[in-house]
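**Q** Give me a model of this one.
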Amino acid sequence: MSPATPERVVLVGFMGCGKTTVGAEVARLLGWDFHDMDTLLEARMGMTVPEAFRARGEPWFREQETALARELSARRQAVIAAGGGAFTVPEARAALREGAVTVWLRCGLETVLARVPLDGNRPLAQDRATIERLFDQREPLYRLADRHVDASQDPPEMVARAVLAALR
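**A** This is a model prediction of the structure:
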């Protein structure tokens, strides 16, 4: 990368767009650390994201997510996969953007619906109508990312290379 390489790359986008898979590949290609916010939160909370939503509610979960975003803003040479809702919270979005280049992994609704099973593992993916509503609400916020990369069709390795190209 060039001398203008950011301190961090933060991948944002809707559930099912590939943030975790693509993020790990981007980190590998850069030789940087990779941090998946949902995985870190689950370890810290001692419960899964769906369990946290059920036990403590979404507002509490978003507080935990925002605190983690602030902590991660101090990391250098790191690729971060933000949770699907993290970039929709103004305080978390500000922390994620600090010193970083944010990249929206963009997928169409039909791609998301094909990738996200309605099996209860994603607390906000109860049914198609809920996913469609969230998708419409969140898309304008994801557009605030510094770069946009289509993640609808290509395999993760190609999307990761597109992310690197978008950073240049």
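**Q** Just the CA atoms of the helix or strand bottoming out on mean pLDDT in the chain, as PDB, please.
**A** For the chain, the helix or strand with the lowest mean confidence is helix 109-115, at a mean of 85 (criterion: mean pLDDT, DSSP states H and E). The C-alpha trace of helix 109-115 is given here as PDB (Å, rounded to 0.1, in the frame of the first residue of the first chain):
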ATOM      1  CA  LEU A 109     -31.800  -7.300  -1.000                       C
ATOM      2  CA  GLU A 110     -32.300 -10.500  -3.000                       C
ATOM      3  CA  THR A 111     -28.700 -11.500  -2.300                       C
ATOM      4  CA  VAL A 112     -29.100 -10.800   1.400                       C
ATOM      5  CA  LEU A 113     -32.300 -12.800   1.500                       C
ATOM      6  CA  ALA A 114     -30.600 -15.700  -0.200                       C
ATOM      7  CA  ARG A 115     -27.600 -15.700   2.200                       C
END
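**Q** and that helix, which residues are buried?
**A** By neighbour count on 16 or more other C-beta atoms under 10 Å, the buried set for helix 109-115 is 111-113. All C-beta spots, glycine's among them, are computed from the backbone N, C-alpha and C.
**Q** Could you do stretch 131-143 as well?
**A** For stretch 131-143, by 16+ other C-beta under 10 Å, it's 131, 134-135, 138, 141-142.
**Q** Can you flag which of those belong to helices?
**A** 131, 134-135, 138, 141-142 (DSSP state H).
**Q** What is the most widely separated pair among those?
**A** Farthest apart among these by C-beta to C-beta are 131 and 141. That separation is 15.9 Å.
**Q** for this protein, what are the low-confidence residue spans?
**A** Scanning the chain for pLDDT under 70 picks out the ranges 1-5, 117-126.
**Q** which residues of the chain fall in helices?
**A** 19-30, 37-45, 49-56, 58-72, 90-97, 109-115, 128-142, 156-167.
**Q** Which of those has the highest mean neighbour count?
**A** Of all those, helix 19-30 has the most neighbours on average by mean count of other C-beta atoms under 10 Å, namely a mean of 21.
**Q** what residues does it touch?
**A** 1, 9, 11-13, 32-34, 36, 38-39, 77-82, 84, 105, 151, 156-157, 159-161, 163-164 (C-beta atoms under 8 Å, 6 or more residues apart in numbering).
**Q** Contact partners for residue 145?
**A** 12, 87, 102-104.
**Q** what about residue 84, neighbour count?
**A** Counted with other C-beta atoms under 10 Å, residues neighbouring residue 84 total 25.
**Q** and the gap between residue 47 and residue 15?
**A** 18 Å (C-beta to C-beta, to the nearest Å).
**Q** So between those two, which is more surrounded?
**A** residue 15 (22 against 15).
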